[in-house]
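>>> This is the structure alone, sequence omitted:
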């Protein structure tokens with residue numbers, strides 16, 4: 001009988017092994033159940049991956065909403081681990097069955113952890129070096145896609161056998177003895193990391209057992225073999241440590257019936273088409289230059305134009321809502337990070353320090369301590385509060401190379417950071433205002449559907465019961481004012497305060513963790529932040545951390561995938577491309593471009609020599625929203641024959657009328673609707689005899 005251990009038993013003890021690991025295409029782009037980095041959990045509003053503990057409560061659609069006309073039609077609503085407990089059991093048991101099958105096909109395999117994730121599950125295996133019959137060393141096996149067919153076939157046999165699944169509780173000593181008997185060293189490490197002496201084992205028939213806390217289905221026969229698919233193999237270091245063994249991970253998905261699996265596969269194919277890394281290169285938006293180092297983003301001119309539009313709108317919205325925009329340094333003395341607590345708790349997520357005249361300086365991993373220093377720089381009165389400071393602050397965090405992924409996980413990124421310092425009786429109103437701003441900004445980019453989570457006090461926390469209750473009540477009260485439905489995640493708040501998280505839904509139904517607002521009882525104490533009360537005594541302000549995008553880079557990646565590269569007119573890097581039919585209209589096209597530039601409208605001219613049909617095709621492939629065909633008649637009439645990528649032929653427009661309309665669309669973030677005059681049909685030409 002073989003034994004393994006799965007992460008359901010381990011809970012948080014297994015998190016280090018789940019951070020530094022490769023993911024499949026959909027899981028990378030869809031937000032799988034990988035754990036947040038330590039600094040993301042501490043800061044609360046860095047770019048973070050969705051946690052498997054806090055997933056969408058609403059069904060995941062296999063197709064798009066109206067947010068993207070290019071998305072496929074909705075067919076089957078896919079359940080999630082959170083809203084369908086039976087699905088979670090199916091995936092957990094499927095992971096065990098897969099591990100059992102792997103060890104049947106490859107007896108030398110050692111099994112480590114195998115958690116369920118948002119879209120299925122994975123398992124990590126170690127294949128040690130072996131010796132053949134002649135005593136020659138044989139390197140450890142490298143799994144290939146062909147091996148997945150053998151493993152799936154073995155799984156189907158296990159499912160067909162309808163083996164019962166039952167739980168057994170054993171002592172720590174008994175579990176250690178059983179693990180030693182079958183030589184599973186990784187399981188011994190896992191057993192040693194479990195704080196409790198209550199050890200449970202789940203058996204599949206009498207052939208195989210697993211360290212596990214459940215839950216599971218009652219029999220392997222409860223699984224539908226045609227609703228399970230093995231997807232791909234990836235690499236992963238044990239415990240996320242490059243100095244430890246390289247494991248081989250098998251990603252898989254499991255559903256309740258074949259129809260759900262079919263819908264999921266369609267969704268996965270659509271996600272591949274929308275991969276921001278592919279579109280970013282195709283549309284010349286950004287790149288990751290490995291010669292400069294992994295996880296560092298180079299913004300190309302077109303991507304930079306879009307980023308500037310995003311940031312300009314962000315700044316304008318904040319100023320309109322009573323925020324002051326601030327700028328802070330990129331490095332600081334290491335003592336600042338010791339005061340804030342980042343160095344003591346999360347040094348592993350920070351880059352090494354640099355020597356500056358005998359003192360250690362740290363490149364910043366977040367912006368919060370800088371804002372605290374600015375607050376402390378002056379004596380504050382209760383009349384000064386609330387104070388709202390916002391910053392697009394670039395930060396740098398150490399991420400292992402195996403975790404880096406396009407724009408979704410990088411080493412240098414810009415947080416759309418803000419902090420609010422307020423009085424206790426201002427707290428709920430300030431949270432409502434933050435949620436209003438979330439709505440204003442996210443809707444501008446087409447995100448109007450959210451999953452909302454309220455996370456409460458964890459076991460380990462700072463602050464009194466009274467202040468936790470008041471802050472949690474203020475968060476819940478703000479949600480009530482907004483009339484938003486939300487899910488409560490008991491004990492999932494930060495150690496320094498409760499929080500609200502928003503997951504936005506994209507055009508194909510995936511959810512992405514973006515916006516957050518968090519109460520902080522820790523930094524005001526650490527930095528000694530105070531204000532003078534109405535009775536002339538000193539008190540500590542309430543501090544709110546708040547981010548809307550999370551990071552510019554990650555939000556940009558989400559936006560690219562949501563739009564599939566077909567950006568709205570106001571955001572497109574090139575809004576209008578002019579196609580001169582003849583050289584005699586080149587000067588006219590240049591004149592139009594100059595007039596547009598003075599209004600901030602982005603126009604390009606295709607000066608190539610291709611036929612008109614090819615020029616139009618090139619413009620459509622470049623995802624340009626508006627195409628203007630310019631010939632001699634357009635020059636003489638001072639008009640442009642306009643075509644919209646989304647709406648088709650829009651007729652003839654005068655230059656000023658056209659620029660006015662594009663400017664209106666740009667200011668209001670809407671698509672063009674104004675129809676011009678239809679060009680007359682050409683006279684029939686008699687053929688020469």
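Right, received. Where do you want to start? All values derive from a computational prediction rather than experimental measurement.

>>> And for residue 156, nearest residue in space, chain neighbours not counted?
Spatial nearest neighbour of residue 156, chain neighbours left out: residue 225 (4.6 Å); criterion: CB to CB, 6 or more residues apart in numbering. All C-beta atoms are positioned from the backbone trio N, CA, C, and that covers glycine.

>>> Looks like the one you found contacts residue 161 (just checking).
No: counting by CB atoms under 8 Å, residue 225 stays clear of residue 161, with 11.5 Å between them.

>>> right, and residue 427 touches residue 473 too?
No: if you go by CB under 8 Å, residue 427 and residue 473 don't touch, sitting 9.2 Å apart.

>>> quick one, which of those two is more surrounded?
The neighbour count for residue 427 versus residue 473, taken as other CB atoms under 10 Å, is higher for residue 427 (22 against 13).

>>> Do me a favour and average the pLDDT over stretch 641-648.
For stretch 641-648, mean pLDDT rounds to 89.

>>> And for that stretch, what's in contact with it?
Residues from elsewhere that reach stretch 641-648 (CB atoms under 8 Å, 6 or more residues apart in numbering): 69, 566, 616, 620, 623-631, 634, 649-653, 658, 671-672, 676, 679.

>>> buried stuff in it?
By neighbour count on 16 or more other CB atoms under 10 Å, the buried set for stretch 641-648 is 641, 642, 643, 645.

>>> ok, now stretch 574-586?
The neighbour-count check on stretch 574-586 (16+ other CB under 10 Å) flags 574, 575, 576, 577, 578, 579, 580, 581, 585 as buried.

>>> Span of it from start to end?
18 Å (CA to CA, to the nearest Å).

>>> Could you do stretch 443-456 as well?
Start-to-end, stretch 443-456 (CA to CA) is 27 Å.

>>> next one: it to chain centre, how far?
13 Å (CA atoms, centre = their mean, to the nearest Å).

>>> Mind listing what's buried along that stretch?
Residues of stretch 443-456 classed as buried by neighbour count (16+ other CB under 10 Å): 444, 445, 446, 447, 450, 451, 452, 453, 454, 455, 456.

>>> Is it correct that the third one is in contact with residue 566?
The reference is to residue 446. No: in this structure residue 446 lies outside contact range of residue 566 using CB under 8 Å: 11.1 Å.

>>> How much space separates the residue nearest to residue 156 from residue 125?
If you measure residue 225 against residue 125 using CB to CB, to the nearest Å, the figure is 21 Å.

>>> again, but for residue 621
Counting by CB to CB, the gap from residue 621 to residue 125 is 42 Å.

>>> neighbour-wise, which of those two wins?
Neighbour tally, residue 621 and residue 125, criterion other CB under 10 Å: the higher count belongs to residue 125, 26 against 11.

>>> Quick one, grab the pLDDT at that one.
pLDDT at residue 125 comes out at 95.

>>> Could you point out the helix or strand that follows the helix or strand it falls within?
Here residue 125 is covered by strand 120-126, with elements defined by DSSP states H and E. Sequence-wise, the next helix or strand downstream of strand 120-126 (DSSP H and E) is strand 130-131.

>>> between residue 225 and residue 161, which one's more packed in?
residue 225 (19 against 14).

>>> And stretch 436-443, what's buried?
Quick answer for stretch 436-443 (16+ other CB under 10 Å): 437, 438, 439, 441, 442.

>>> let me fix that: stretch 290-299
Neighbour-count burial for stretch 290-299 flags 295, 296, 297, 299 (criterion: 16+ other CB under 10 Å).

>>> again with stretch 275-283
Neighbour counts over stretch 275-283 (16+ other CB under 10 Å) mark 275, 276, 277, 278, 279, 280, 283 as buried.

>>> Mind jotting down where the strands sit in the stretch 351-500 of the chain?
354-356, 359-363, 387-396, 412-422, 450-455, 487-489, 499-505 (DSSP state E, counting those that start in this stretch).

>>> correct me, but residue 161 touches residue 223?
No: using CB under 8 Å, residue 161 is not in contact with residue 223, being 11.2 Å away.

>>> lowest-confidence helix or strand of this structure?
Here the helix or strand of the chain ranked lowest by mean pLDDT, DSSP states H and E is strand 60-61, holding a mean of 28.

>>> Which SSE is immediately downstream of that strand?
On the C-terminal side of strand 60-61, the closest following helix or strand by DSSP H and E is strand 77-78.

>>> Each with direction, which strands does that following strand pair with?
Paired neighbours of strand 77-78 in the sheet (DSSP bridges): strand 60-61 (antiparallel).

>>> Residue 658 contacts residue 630, correct?
No: between residue 658 and residue 630 there is no contact under CB under 8 Å: 11.7 Å.

>>> Out of these two, name the residue with the larger neighbour count.
Legend: neighbour count by other CB under 10 Å for residue 658 and residue 630, higher for residue 658 (25 against 21).

>>> Tell me how far that one lies from residue 475.
Here the criterion is CB to CB. By it, residue 658 lies 48 Å from residue 475.

>>> Same check on residue 622?
The value you get for residue 622 to residue 475, if CB to CB is used, is 45 Å.

>>> who has more neighbours, the two?
residue 475 (26 against 19).

>>> Look at that one and report its pLDDT.
As predicted, residue 475 sits at a pLDDT of 96.

>>> Next: residue 184.
89.

>>> sorry, back to before: list the pairing partners of the strand holding residue 125 within its sheet, with orientation.
Strand 120-126 has these strand partners (DSSP bridges): strand 110-111 (antiparallel), strand 116-117 (antiparallel), strand 246-254 (antiparallel).

>>> quick one: low-confidence parts of the stretch 1-150 of the chain?
Within the stretch 1-150 of the chain, the stretches with pLDDT under 70 are 1-76.

>>> I misspoke; the intended subject was the chain.
Using pLDDT under 70, the flagged stretches of the chain are 1-76, 674-689.

>>> residues in contact with the closest residue to residue 484 other than its chain neighbours?
Take residue 484 and drop its neighbours on the chain: the residue closest to it by CB to CB, 6+ apart is residue 452, 5.2 Å away. Contacts for residue 452 (CB under 8 Å, 6+ apart) come out as 479, 484, 485, 486, 487, 500, 501, 502, 503.

>>> Can you select the buried ones from the residues you listed in ChimeraX?
Restricted to buried positions by 16+ other CB under 10 Å, the ChimeraX selection for the contacts of residue 452 reads:
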select :479,486,487,500,501,502,503
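
>>> Against residue 524, how distant is residue 539?
In terms of CB to CB, residue 539 sits 10 Å off from residue 524.

>>> Out of the buried residues of stretch 436-443, flag the one nearest to residue 154.
residue 442 (46.3 Å; CB to CB).

>>> And the closest one, how close does it get to residue 325?
20 Å.

>>> Likewise for residue 169?
Noted for residue 169: a distance of 58 Å to residue 325, by CB to CB.

>>> same question, residue 348
32 Å.

>>> Residue 653 too?
37 Å.

>>> So for those two, which residue has more residues nearby?
residue 653 (24 against 13).

>>> Let me know whether the more buried one touches residue 660 as I believe.
No: applying CB under 8 Å, one finds residue 653 not in contact with residue 660, separated by 9.6 Å.

>>> Common neighbours of these two, please.
If you check residue 653 and residue 660 against CB under 8 Å, 6+ apart, no residue is contacted by both.

>>> What count of nearby residues applies to the residue lying closest to residue 539 once chain neighbours are set aside?
Of all residues beyond its chain neighbours, the one nearest residue 539 is residue 533 (5.2 Å), with distances taken as CB to CB, 6+ apart. Neighbour count for residue 533, taken as other CB under 10 Å: 12.
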